[in-house]
Structure formats: C-alpha cells, structure tokens
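A.B. asks: Got a predicted structure here, sequence first:
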Amino acid sequence: MTKQLIVPKIGTQDIDSSSISDILDEKGVKGSIDKINWKEYPYQPEVSFAMAYNEENLFLKFHVRENHIRAMETEPNGNVWEDSCCEFFCAFDDKGYYNIETNCIGTQLIGWGRNRKSRTRLSAEIINAVVKQSTLGQKTIEPLSGDFDYQLTLIIPASTFVAHSGLKFMPGMRMTGNFYKCGDKTPEPNFVSWNPIEIEKPDFHRPDYFGQIELGQGV
C-alpha cells in the first residue's frame, strides 16, 4: 500500500531553525519512519517527522530516539549514511529524483539523478544554503551506545532543487517521495523507511517505492 501525505502551508515571516521547529511541532503534518523492510536488519529506532512548506521552502523535522549514535562525517557530500542519518528523497516528475541525506549533527549529502548509478552531487554552496539545526550540536561523535533522543530540523530552499529552476511550492503541487533512517556503520546498523520497500536487499534509491506527497492549503 502506497502511503499518502498532505503537507500544510504555513505563514512565516521571520524564518529560523529554532522557531520553525516549534511551528512544525504545532502545525506540521506528522509521519512515522517505522517500516522494517529487511529481516537481517531488525533494529528499529523510534523515528518520526513533521513537515510543512511555504512558497520558498520545505520545512522538515526529524525526531529520533535510538540506542546508538555515530557522527564522524563533517564535510558536504561525505559518507553521511554511515552515521546516524535521516533522509528525504523526492521527485517532482519522472525526470529524476533528489536525495537529501543528513547525519545527526547536520552534515549533508544532496544529489540529483535518474537512478542510483546516474547521480550528480550538488555543490557545497547549495548544500550550505540549507539551514540545519541538530539538538546534538555540530561536533563529531564517536560511535556510542546508550539511550539517545535528538531532533534535526531542516529549512530546504526551493533553489536546492537545481534541475527545477524557478520552482515555487504552491497548494495542489504533487510530488513523490520517501523518508528514511539509516546508520550503516553504527553499532547496530538500521535501514528503516516511511513507505515500504519490497526488494531483497537494502536500497533507498528506489523511486518506484516512493509514497505520494501533496502540498495542501494553509493552516
């Protein structure tokens, strides 16, 4: 079954990551990243997200509780998926899709392309224009085990979507996408999704398993 999400439009005058975090808690559409798709990776951290938009930005907040964290990557387009990492993949048409991958201290990889093998990573300048705030801060974290609860908030400008020049987010716009949590080199690797992925081995680069996302009216 393909999941569906209707994302509310919010009116925001002065946008910053601290205020948008509270706004998303109050007004954003909520979802859970809770699908275990591969039995060889049974560990399921508690992960939810909240999402909203205005004409110029997508707003996205992840709330994670997990038993292990790792945050070793600090450079744009590095191997963030090896760390405790939250991801949002989306497509506006059938020309290709974007992968926005963010580790738990806000380091990002962003790419665009038709499939896993045909991808272009965006420039550090474009990646740095995405506002990122983590309640864990920005310093590297060696692999740790325990009980960790953190939040990661993103403000993603329309200009991030480089293959769609002049993009504006408007009510009624439809896209497809999926939300993920992973951690390839954490003490307990995990690969969890919002919309199910029905294939044999872990692979998030599967737009054929994206859910439906629609931009709704204001709240």
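C.D. replies: Structure received. Residues are numbered from 1 along each chain as shown.
A.B. asks: partner residues bridging the spatially closest residue to K30 that is not a sequence neighbour?
C.D. replies: Using C-beta to C-beta, 6 or more residues apart in numbering and skipping residues adjacent in sequence, the residue nearest K30 is A50, 5.4 Å away. Using the backbone N, CA and C atoms, a C-beta is placed for each residue, glycine as well. According to DSSP bridges, the partner residues bridging A50 are K30, K61.
A.B. asks: next one: D93
C.D. replies: G96.
A.B. asks: picking that back up, residues near the residue nearest to K30, how many?
C.D. replies: By the criterion of other C-beta atoms under 10 Å, A50 has 23 neighbours.
A.B. asks: I'd like the mean pLDDT over the host helix or strand of Q212, please.
C.D. replies: Taking DSSP states H and E as the definition, one finds Q212 inside strand 211-218. In this model, strand 211-218 has an average pLDDT of 95.
A.B. asks: in its sheet, what does that strand sit against?
C.D. replies: Paired neighbours of strand 211-218 in the sheet (DSSP bridges): strand 4-9 (parallel), strand 174-182 (antiparallel).
A.B. asks: Would you mind finding the most buried of those?
C.D. replies: Highest mean neighbour count among the strands paired with strand 211-218 (mean count of other C-beta atoms under 10 Å): strand 174-182, with a mean of 22.
A.B. asks: F88 is in contact with I100, isn't it?
C.D. replies: Yes. The criterion here is C-beta atoms under 8 Å, and F88 meets it with I100 at 4.8 Å.
A.B. asks: which residues are in contact with both of the two?
C.D. replies: Residues touching both F88 and I100 (C-beta atoms under 8 Å, 6 or more residues apart in numbering): L154.
A.B. asks: With only the CA atoms kept, save the lengthiest helix in the chain in CSV.
C.D. replies: If you go by DSSP state H, the chain has its longest helix at helix 17-27. Provided in CSV are the C-alpha atoms of helix 17-27 (Å, rounded to 0.1, in the frame of the first residue of the first chain):
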residue,chain,number,x,y,z
SER,A,17,15.5,26.8,12.6
SER,A,18,14.6,27.4,16.2
SER,A,19,11.2,28.9,15.6
ILE,A,20,10.3,26.6,12.7
SER,A,21,11.0,23.6,15.0
ASP,A,22,8.2,24.7,17.3
ILE,A,23,5.9,25.6,14.4
LEU,A,24,6.4,22.1,12.9
ASP,A,25,5.5,20.5,16.3
GLU,A,26,2.3,22.5,16.3
LYS,A,27,1.2,22.7,12.6
